[in-house]
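Q: For reference, the sequence and a predicted model appear below.
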Amino acid sequence: MGSRVIPDRGIGRQGNHGGNDGRNICTPLRAELKNPFTPLSAYAFIVFVLLNMYMPCIVAAVAMVQEFGTWKWYGIAFGYQMVLAWGVAFMIYQGGKLLGLGG
């Protein structure tokens, strides 16, 4: 049994279409997305999304309700995760501003 090596020609890589590496394309959407975010606010937003994104789906919510017998604990878990994500993002943004990292 032998193996063949297939050369990588860059086909299918994002940004390689038409020989352009994707760094100098300025679309209206890209321009609009750059306006409201500074590096510090973007980092705080990423942390908020990552901490808050993993909210249980409907199936997990129903399973929690069946296990605990009420929607109360699901609501508490939802609220806790939302407050935690907001608090951490707030501390990152305000701490960065206090340290002079921009805002």
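A: Arrived safely. Numbers count the residues shown, from 1 in each chain.
Q: for P36, what are its contacts?
A: Not one residue lies near P36 by CB atoms under 8 Å, 6 or more residues apart in numbering. Every C-beta, even on glycine, is put in place using the N, C-alpha and C of the backbone.
Q: Determine the longest helix present in the chain.
A: helix 72-98 (DSSP state H).
Q: Output the below-cut-off pLDDT ranges for the chain.
A: Applying pLDDT under 70 to the chain flags the ranges 1-24, 54-56, 103.
Q: let's go with 80 and repeat that
A: 1-26, 30-35, 53-57, 102-103 (pLDDT under 80).
Q: shouldn't T38 be in contact with K97?
A: No: counting by CB atoms under 8 Å, T38 sits too far from K97 to count as a contact (9.9 Å).
Q: roughly how far apart are K72 and A60?
A: 16 Å (CB to CB, to the nearest Å).
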